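A.B. asks: sharing a sequence plus its predicted fold:
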Amino acid sequence: QVQLVESGGGLVQAGGSLRLSCAASGRTLSYTAMGWFRQAPGKEREFVAAIKWSNSRTDYADSVKGRFTISRDNAKNTVYLQMNSLKPEDTAVYYCATSAAWVFTRYGYDYWGQGTQVNVSS
């Protein structure tokens, strides 16, 4: 079992920044990657970014490339999502999740956090 706890969401104006954190505990050595996903009201949960635990390889959705940065702190078992130049369309609940493979679809992720709300005002 892996437990994930997200934090760092909130309300920010367009153009602003937020940093989300995802603290992992439990059988953390059992997964290959951690990812961030988001879900806006009435929409599917979509991939945002992922990082490979072994070598910090990263990947991003086209919609956030150049604005968001995913990183990790092995010692703290924590993954971060730095979000800059935020837009109203970034408003969503953001979830972190773990995967045993290097994949970018929610179906490949096994354990999920409870989510943290991000609201971007125009």
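C.D. replies: Done, it's in.

A.B. asks: OK, contacts around the most centrally placed residue in the chain?
C.D. replies: Taking Cα atoms, centre = their mean, the centroid of the chain lies closest to Trp36, which sits 2.2 Å from it. Counting by Cβ atoms under 8 Å, 6 or more residues apart in numbering, Trp36 makes contact with 20, 22, 48-50, 70, 79, 81, 94-97. C-beta coordinates here come from the backbone N, C-alpha and C atoms, glycine included.

A.B. asks: could you do Ser56 as well?
C.D. replies: Ser56 is in contact with 71-72, counting by Cβ under 8 Å, 6+ apart.

A.B. asks: ditto for Thr91
C.D. replies: So Thr91 contacts 40, 118-120 (Cβ under 8 Å, 6+ apart).

A.B. asks: if we can go back for a sec, just the contacts of Trp36 now: which is nearest Tyr109?
C.D. replies: Of all those, Tyr109 sits closest to Ala97, with 3.7 Å by Cβ to Cβ.

A.B. asks: in the sheet, which residues pair with the closest one? Tell me.
C.D. replies: Following DSSP bridges, Ala97 is listed with bridge partners Gly35, Trp112.

A.B. asks: can I assume it is in contact with Thr32?
C.D. replies: No. Ala97 is beyond contact range of Thr32, at 12.0 Å (criterion: Cβ atoms under 8 Å).

A.B. asks: which of the contacts of Trp36 ranks first by neighbour count?
C.D. replies: Greatest neighbour count in the contacts of Trp36, by other Cβ atoms under 10 Å, goes to Cys96: 30 neighbours.
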